[in-house]
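Undergrad: take a look and give me a structure for this.
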Amino acid sequence: MDTTERRLKVWEIGVRAVGPIVVGVLIAYFAHLGDFRLKQIDAQMKSAEMREARLTTATQIANAQKELETNIATKLWEDLVGVFFPESEGLRTDERIMEQMFRLRLTALNFQDIAINLKPFFEHLDAKLPNGDARKRLQEYAQEVAGRQAYRLAFEAGNDFGEIPVTLGDPPTELPVPKKRDEPTKLTITEIEDDYVKVKISAPGQRDIGPFQVSFFDMPLVDNVKLKALGTRLALLLIATNKDQKAATLRVVTFQPYMAADRFDLKEQARVLGTRDFRNEGVE
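TA: Below is the predicted model of the structure:
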């Protein structure tokens, strides 16, 4: 037997001896990998099940909370309408008015995050109040709700510029909002009365807005204007008026457009579409 044959014989013996060991090690290794992978998949499935369970629980809680809020809101609305338009005359006029004032404040505070216009209720009640003190209190109630709305709207990427004094007959007031191409947004006062002012807003990139009326009962969530070129909404809150001195104080708030949805009016939209020049607006 030559050297080559002896070497081959040794390799054959070695392979026969070591081969089963290597195969066993490989089988054990891949079995371990397979078991590890199965454990990973099982852990992922359990994690997914836990996430789904948490999401389901959160959704159920949110739905239950929304249902509760809807039921409360419906009840408050029914109470408000019922006390404003009672079927019987069980209470004296002054007592009924005080109850209406209380119910209106309660409803307004609970509806403060909902774009519902309660201004007609305030105006209806204001016209029936017996004296100036009661009217002042009603104005304070409305300003309380408007102030809460203003804070919430301006909190996220908005601005509350505080109170700005204005005077009838003065040059337009430049509002402290961002300029567009060095063009400021200006506020012009056209009329001042005891319980409202009329204003006109001149903003870059769009036609003048107004004159429109701002009263103590305006709520920024529903009473606001869109400044298209600036990509923001602007709301004016009436703080005080002095008709004799032809002066007033307004609070200016800006906020993101998505926080107050547009109210779609078919008649107004038809009028706008009938008169709009789309070429001037870059629409083809």
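Undergrad: who's in contact with stretch 153-165?
TA: Applying CB atoms under 8 Å, 6 or more residues apart in numbering, the contact partners of stretch 153-165 are 150-151, 173, 175-177, 187, 220-221, 232, 235, 239, 247-256, 259-260. In this view, the C-beta of every residue, glycine as well, is placed from N, C-alpha and C.
Undergrad: how about a cut-off of 7 Å?
TA: By CB atoms under 7 Å, 6 or more residues apart in numbering, the residues outside stretch 153-165 that reach it are 150, 173, 176, 220-221, 239, 247, 249-256, 259.
Undergrad: for the longest strand that the chain contains, buried residues please.
TA: In the chain, taking DSSP state E as the definition, the longest strand is strand 232-242. The neighbour-count check on strand 232-242 (16 or more other CB atoms under 10 Å) flags Thr232, Arg233, Leu234, Ala235, Leu236, Leu237, Leu238, Ile239, Thr241 as buried.
Undergrad: ok, it: who's next to it in the sheet?
TA: According to DSSP bridges, strand 232-242 forms sheet pairs with strand 225-227 (antiparallel), strand 247-255 (antiparallel).
Undergrad: quick check: which of these is buried the most?
TA: Among these, strand 247-255 has the highest mean neighbour count (mean count of other CB atoms under 10 Å), at a mean of 21.
Undergrad: mind saving the C-alpha coords of it as PDB?
TA: Taking C-alpha atoms only, strand 247-255 is exported to PDB below (Å, rounded to 0.1, in the frame of the first residue of the first chain):
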ATOM      1  CA  ALA A 247     -63.000 103.700  21.300                       C
ATOM      2  CA  ALA A 248     -63.000  99.900  21.800                       C
ATOM      3  CA  THR A 249     -60.700  97.100  22.800                       C
ATOM      4  CA  LEU A 250     -60.400  93.900  20.700                       C
ATOM      5  CA  ARG A 251     -58.500  90.700  21.400                       C
ATOM      6  CA  VAL A 252     -56.800  89.200  18.400                       C
ATOM      7  CA  VAL A 253     -56.200  85.400  18.000                       C
ATOM      8  CA  THR A 254     -54.800  83.400  15.100                       C
ATOM      9  CA  PHE A 255     -54.900  79.600  14.700                       C
END
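Undergrad: how about Thr107, secondary structure?
TA: helix (DSSP: H, G, I helix; E, B strand; the rest coil).
Undergrad: Val199 now?
TA: strand.
Undergrad: same thing with Gln213?
TA: Under three-state DSSP, Gln213 falls in the strand class.
Undergrad: who does it bridge with?
TA: Note on Gln213: beta-bridge partners by DSSP bridges are Lys198.
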